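**Q** No sequence on hand, only this structure:
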């Protein structure tokens, strides 16, 4: 029998979900609240939905103090949320860099389109947020016709730098392991940011 995934409840909205769908927080020895998105830090954890609003509600209602049975130190709600966003972005960036080192990344509009025409399987595309409207329209139409999943993420400079290139408008990842891992991280990130991903 497959092993049942561990579940936890969000301290803000009380919904019960699989642990991997929630954000874990722990207390440092000085009782500073620390995001533990990889669920590797020791100690008791408190869980919140991967949702900006749930985290803000948990902080406003002092749910972390209740969960940890005492005072919890945070600089501010905005600073903690910014910290979570930074960690999520770094996770996505690290997967992209790893995929590139493994030769599983194609970049640049022409190269990506050529690559897709040969094989659509196990692919996911990242489009820069500052891509030109004309290029976006051309690529998105092609992707929708061929049911290739895509996300808008980072800007051209950041996408290029993560794979050791000049600015890139489009980056494609291939390979089942890398695609599934980065999709999970992007879903989490976009849920937290309150965005709906593009299909």
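**A** All right, it came through fine. Since we're looking at a predicted model, the values are computed, not measured. Numbering: from 1, shown residues only.
**Q** pull the longest helix from this protein.
**A** In the chain, assigned by DSSP state H, the helix with the most residues is helix 77-101.
**Q** Residues touching that helix, excluding its own?
**A** 23, 33, 35, 37, 52, 55-56, 59-60, 74, 105, 126, 153-154, 158, 162-164, 171, 173, 175, 178, 181-182, 185-186, 188-189, 192-193 (Cβ atoms under 8 Å, 6 or more residues apart in numbering). For every residue, glycine as well, the C-beta is placed using N, CA and C.
**Q** got the residue ranges for the strands in the protein?
**A** Remark: strands assigned in the chain by DSSP state E are 7-9, 16-18, 22-27, 33-35, 46-49, 105-107, 123-127, 149-152, 170-174.
**Q** got TSV for the ones you listed, with mean neighbour count too?
**A** Output for the strands of the chain, formatted as TSV (neighbours: other Cβ atoms under 10 Å):
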stretch	mean neighbour count
strand 7-9	14
strand 16-18	12
strand 22-27	22
strand 33-35	18
strand 46-49	25
strand 105-107	22
strand 123-127	23
strand 149-152	18
strand 170-174	23
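**Q** need the ones you listed in JSON lines with mean pLDDT and distance to residue 90, can you?
**A** Output for those, formatted as JSON lines (pLDDT from 0 to 100; distance: least, Cβ to Cβ, whole Å):
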{"stretch": "strand 7-9", "mean pLDDT": "94", "distance to residue 90": "24"}
{"stretch": "strand 16-18", "mean pLDDT": "93", "distance to residue 90": "23"}
{"stretch": "strand 22-27", "mean pLDDT": "96", "distance to residue 90": "15"}
{"stretch": "strand 33-35", "mean pLDDT": "96", "distance to residue 90": "12"}
{"stretch": "strand 46-49", "mean pLDDT": "96", "distance to residue 90": "19"}
{"stretch": "strand 105-107", "mean pLDDT": "91", "distance to residue 90": "18"}
{"stretch": "strand 123-127", "mean pLDDT": "88", "distance to residue 90": "15"}
{"stretch": "strand 149-152", "mean pLDDT": "88", "distance to residue 90": "16"}
{"stretch": "strand 170-174", "mean pLDDT": "90", "distance to residue 90": "17"}
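**Q** can you list these in TSV and add distance to residue 97?
**A** As requested, the strands of the chain are exported to TSV (distance: least, Cβ to Cβ, whole Å):
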stretch	distance to residue 97
strand 7-9	30
strand 16-18	27
strand 22-27	23
strand 33-35	21
strand 46-49	28
strand 105-107	9
strand 123-127	13
strand 149-152	17
strand 170-174	11
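**Q** ok so, going back, list only those of the contacts of helix 77-101 flagged as buried.
**A** 23, 33, 35, 37, 52, 55-56, 59, 105, 126, 153-154, 158, 162-163, 171, 173, 175, 178, 181-182, 185-186, 188-189, 192 (16 or more other Cβ atoms under 10 Å).
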